[in-house]
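In: this is a predicted model, with the sequence first.
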Amino acid sequence: MKNKVLTALFTIGTLFANAQSDSSYTKTDSILVKSDTIKVGNFFIVKKGNEYSNPNSATVQIGNVTINANDLDGKPVIKIERKKPAPKKVSTNWWIFDLGFAGNRDQTNYATAVGNTSYLRTVRAANGAPNKQTFNLNNGKTTNVNLWFFMQKVSIVKQAVFLKYGLGMEMYNFRYDSRVSYRKDNYPYVYNDSISFTKNKFYAGYLSVPLMLHVNTTPGNKKGFSFSAGVSAGYLIGSRNKQKSAERGKQKYKGDFDLSPFRTALIGELGIGPVKLYGSYSLNTLHESYTKLEQYPFAVGIRFSNW
């Protein structure tokens, strides 16, 4: 490239010194010379001139580099302009991390649910049957953590509107301020335990695929405003109840506990400069329909992403 640029500049000097009014080409080895055009190998040097411009100006295009040379008062001024590469139609972002708070919108009718299902059990009469208070959450410690292996966006309207999709893990940690316990003997069930817990956490993890329409209001500017909206589909790959108490110490119970194996949710993202916020709301219940529990998990938080 350096040799090509030097050759082009040398040729410009020759053009300025030997410009002629004859419009015909003169061929010398691999160089074709015309009063307003010079061809050197596969490169063309065009001498521009009109009533509005400097008649001694010239422009050289070498690959993606443009060289403008102007002879002003006998003092050549060289300006090199490099063309910006065209934006990619498809771009990929790897290893995106979400950190947020979660909750459960509980629409269960416990008056009819208890007694009509074996899932909500009364193990000890003194503790009573599970009710709405059984599933009281510690909202400050109920979290949602997501790890997206990748997200990809495809431009569909001039780098302003994109189709956005990906693959990752969505993980919910529900912290209960109650004695609720999940167990699985012959069949899964939930009951009010007889002891208090210093830590009572229920975990559910999903392998999820999000699909969104992404709008960037300031194309090419990472400090602008953007937003996304769409849906996600997930498959349950793990759940467990982890408890800690003075009487029993640390205990962990694993199983599916009759959670819904599939999860669909409305999802959204809001970008203000480098800050990205996300939200999610489940369209189906956390548990299987036969359990009569109608709890809809949701989450909001911050997203650590390059775009």
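Out: Structure received.

In: give me the sheet partners of the helix or strand encompassing Tyr165 and which way each runs.
Out: Taking DSSP states H and E as the criterion, Tyr165 maps to strand 161-175. Strands that pair with strand 161-175, judged by DSSP bridges, come out as strand 143-157 (antiparallel), strand 199-216 (antiparallel).

In: across the sheet, point out what pairs with the closest residue in space to Lys88 that isn't next to it in sequence.
Out: The shortest distance from Lys88 to any non-neighbouring residue, by CB to CB, 6 or more residues apart in numbering, is to Ser155 (7.9 Å). Glycine gets a C-beta too; all of them are placed from N, C-alpha and C. For Ser155, the beta-bridge partners are Phe162 (DSSP bridges).

In: check what pLDDT Ser155 gets.
Out: pLDDT for Ser155: 95.

In: same question for Asp258.
Out: 95.

In: check Asp22 too.
Out: So, for Asp22, pLDDT stands at 44.

In: same question, Val5
Out: pLDDT, Val5: 51.

In: hmm, back to that, and the strand holding Tyr165, how far from the chain's centre?
Out: In terms of CA atoms, centre = their mean, to the nearest Å, the centre of strand 161-175 is found 9 Å from the chain centre.

In: got the angle for the helix or strand following that strand vs strand 161-175?
Out: Following strand 161-175 in sequence order, the next helix or strand is strand 180-184 (DSSP H and E). Orientation check (axes from the mean of the first three to the mean of the last three CA atoms, to 10 degrees): strand 180-184 against strand 161-175 gives 100 degrees.

In: buried sites along strand 180-184?
Out: Under the neighbour-count criterion of 16 or more other CB atoms under 10 Å, strand 180-184 has 180-183 buried.

In: would you reformat those residues as TSV and include pLDDT and distance to Ser226?
Out: Listed next are the buried residues of strand 180-184 as TSV, based on pLDDT from 0 to 100; distance: CB to CB, whole Å:
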residue	pLDDT	distance to Ser226
Val180	96	40
Ser181	97	44
Tyr182	97	40
Arg183	95	46
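
In: from those residues, which is closest to Lys252?
Out: When the buried residues of strand 180-184 are compared for distance to Lys252 (CB to CB), Tyr182 wins out at 10.9 Å.

In: that closest one against Gln251, yeah?
Out: No: using CB atoms under 8 Å as the test, Tyr182 is too far from Gln251 to be in contact (11.2 Å).

In: in contact with Thr285, which residues?
Out: 260, 293-296 (CB atoms under 8 Å, 6 or more residues apart in numbering).

In: surely it forms part of a helix?
Out: No: checked against DSSP: H, G, I helix; E, B strand; the rest coil, Thr285 lies outside a helix; its state is coil.
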